[in-house]
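Asks: here is a sequence together with a model predicted from it:
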Amino acid sequence: MCGIHRLSRIFQPITAVPKNTNLTHKDFMSKSQRLMLELGIIHQAIPGCFHFLPLGVKALEKVINIVDEEMKSIGGQKVIFPTLVKTELWEKSGRINALGPELISLKDRHDHNYILGPTHEETASYLLSTLAPMSYKKFPLLLYQITSKFRDEMKPRFGLIRGREFLMKDMYSFDLNEKEAMKTYNTVIQSYNRIFERIGVHFVKVNGSSGAMGGNLSHEYHYPAEIGDDKIFICHQCDHKTNTELIKEDACPKCGESKNITRSTAIEVAHSFFFGDKYAKPLNANYLDKNTKPHALQMGSYGIGVSRILGAALECLSLEQELRWPDSIAPYNVAIIPPKKGSKEAKLTEQLGENLYRSLESHLPDLKYNILLDDRDSLTIGRRLLDCRRTGIRYIVVLNKMSCENPPIFELNDIVENKQLYLGKNEIITYIKDNGNVLHLARSMV
């Protein structure tokens, strides 16, 4: 779509989710899921799998752009591993039974066994093992991808938060020794902090459980939320943060504090692991030292739930009847609503909406591709304003009687701050520049 983005041309089927279906059961339907379905952000294909509609794709691409920028800034090289993974690789790593029924298994016509990759530690290690052993001079090596993953959830629920197919960023680091591997690990962790700071939703980084992934060091990133499956422990005395899976006692394991602590539910949105040679050794991922002697590589793994971030962020920020996006990943940040067709104001402000659109793009370059003209002029302003509010567009500019004046005055609705202001064009530009996060938006070209 080029030029002006017009709402009438966007595929956004706004519907009401039927109340008499199992989909609305309180144990499976979250606030974010219901709103994303009702407002045409996603559409369910089968339980646990969703169509991403244009607004959902636009938001998803903004998350991807942030992740790509940060991964490449630390030397990450983007690859794409096959979705089909030989079962044999998981047998070699010893992980085939750890995930068990969560794995989606299949056979091809030659009776070969495969799984649909839920994660790719074995695949990344196997890739290096199939090459001639690489010189120590080629490391550290950081390979990452952003692809669909598959897990056969027994009870998929809460929309994008716990599905059977989901989009994940997974990075795999390879180093010569543990000391160098820990340097890489900390570098990636710092980039994760920047990613979540840029997205702009409050997050908590905690010590994590390695679980079926293995390894002896792990960190998790969480969005605190009532529907979260995880429980996190925060000691306000010494700032120790951890997943409660790692502690059984009521007191802080670091300083012994028992009163000034918080336990809360949260949604995990990212996880990092240091494995050592857990995967490299059985899969023969080696390097050659100065004397051309082979050694097993030291490996780290770093995942971000790209599609889960959408659902989790909306779950944290949204109202019961209105979506709320962080500015950085909102499909659109500004909507312009011209008068209803046939009205007196429509005749007097014929090109004003488009002129304002282009002026905002010109003066606030990061708003390019992030402004929407609601040209459904057969509908009342009130109806269009409601739709834009519910979709979560932060700044909604309405053209009304005052817009017929010279110079024109516009009604600016800041949905996040719950403000309604009457401003001239230059004042709108200044207000958005000063109050929004538009200078740091993750741009989408769609």
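Replies: Structure received.
Asks: identify the residues contacting residue 395.
Replies: 333, 334, 335, 412, 413, 414, 415, 432, 436 (Cβ atoms under 8 Å, 6 or more residues apart in numbering). For glycine as for every other residue, the C-beta is placed from the backbone atoms N, C-alpha and C.
Asks: residues near residue 182, how many?
Replies: Per other Cβ atoms under 10 Å, the neighbour tally for residue 182 reads 15.
Asks: confirm it sits in a strand?
Replies: No - looking at residue 182 with DSSP: H, G, I helix; E, B strand; the rest coil, it is helix, so not inside a strand.
Asks: tell me the contacts of it?
Replies: With Cβ under 8 Å, 6+ apart, residue 182 has these contacts: residue 274.
Asks: tell me the predicted confidence for it.
Replies: The per-residue pLDDT reported for residue 182 equals 96.
Asks: now it: how far from residue 71?
Replies: 19 Å (Cβ to Cβ, to the nearest Å).
Asks: a strand runs through residue 173, doesn't it?
Replies: Yes - in this structure, residue 173 lies within a strand as judged by three-state DSSP.
Asks: pretty sure it contacts residue 184?
Replies: Yes - using Cβ atoms under 8 Å, residue 173 is in contact with residue 184, at 4.7 Å.
Asks: between the two, who's got more neighbours?
Replies: residue 173 (30 against 24).
Asks: by pLDDT, rank the contacts of residue 395 and give me the bottom one.
Replies: For these, the model is least confident at residue 436; its pLDDT is 66.
Asks: circling back: quick check: neighbours shared by residue 173 and residue 184?
Replies: 140, 142, 300.
Asks: pretty sure the first one sits against residue 185.
Replies: No - using Cβ under 8 Å as the test, residue 140 is too far from residue 185 to be in contact (10.3 Å).
Asks: what's stretch 106-117 in contact with?
Replies: So stretch 106-117 is contacted by 81-88, 90, 103-105, 123, 149-150 (Cβ under 8 Å, 6+ apart).
Asks: hang on, residue 222 is in a helix, isn't it?
Replies: No - secondary structure of residue 222 (three-state DSSP): strand, not part of a helix.
Asks: buried stuff in the helix or strand of the chain with the lowest mean pLDDT?
Replies: Within the chain, judged by mean pLDDT, DSSP states H and E, the helix or strand with the poorest mean is helix 96-99; its value is a mean of 86. Residues of helix 96-99 classed as buried by neighbour count (16 or more other Cβ atoms under 10 Å): 96, 99.
Asks: for that helix, packing partners?
Replies: Contacts defined by 3 or more Cβ pairs under 8 Å, 6 or more residues apart in numbering; DSSP states H and E place helix 96-99 against no helix or strand at all.
Asks: number of residues surrounding the spatially closest residue to residue 47 that is not a sequence neighbour?
Replies: Counting by Cβ to Cβ, 6 or more residues apart in numbering, residue 47 lies nearest to residue 156, which is 5.2 Å off, once chain neighbours are set aside. Counted by other Cβ under 10 Å, the residues lying close to residue 156 total 20.
Asks: with residue 293 instead?
Replies: By other Cβ under 10 Å, neighbour count at residue 293 equals 10.
Asks: check what pLDDT it gets.
Replies: Reported pLDDT for residue 293: 96.
Asks: which ones are touching the residue nearest to residue 47?
Replies: Counted by Cβ under 8 Å, 6+ apart, residue 156 has contacts 28, 47, 48, 162, 163, 164.
Asks: per-residue pLDDT of it, please?
Replies: So, for residue 156, pLDDT stands at 93.
Asks: please tell me how far it sits from residue 166.
Replies: In terms of Cβ to Cβ, residue 156 sits 10 Å off from residue 166.
Asks: do residue 183 as well
Replies: For residue 183, the distance to residue 166 - Cβ to Cβ - is 30 Å.
Asks: hey, C-alpha coordinates of stretch 200-211 in CSV?
Replies: Once non-C-alpha atoms are left out, stretch 200-211 reads as follows in CSV (Å, rounded to 0.1, in the frame of the first residue of the first chain):
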residue,chain,number,x,y,z
GLY,A,200,8.1,0.1,26.3
VAL,A,201,6.1,-2.3,28.4
HIS,A,202,7.1,-2.8,32.0
PHE,A,203,9.2,-6.0,32.2
VAL,A,204,11.0,-8.0,34.9
LYS,A,205,14.2,-10.0,34.3
VAL,A,206,14.6,-12.9,36.7
ASN,A,207,16.8,-15.9,37.3
GLY,A,208,15.2,-18.8,35.4
SER,A,209,14.8,-22.5,35.4
SER,A,210,16.6,-24.3,32.6
GLY,A,211,14.0,-27.1,32.6
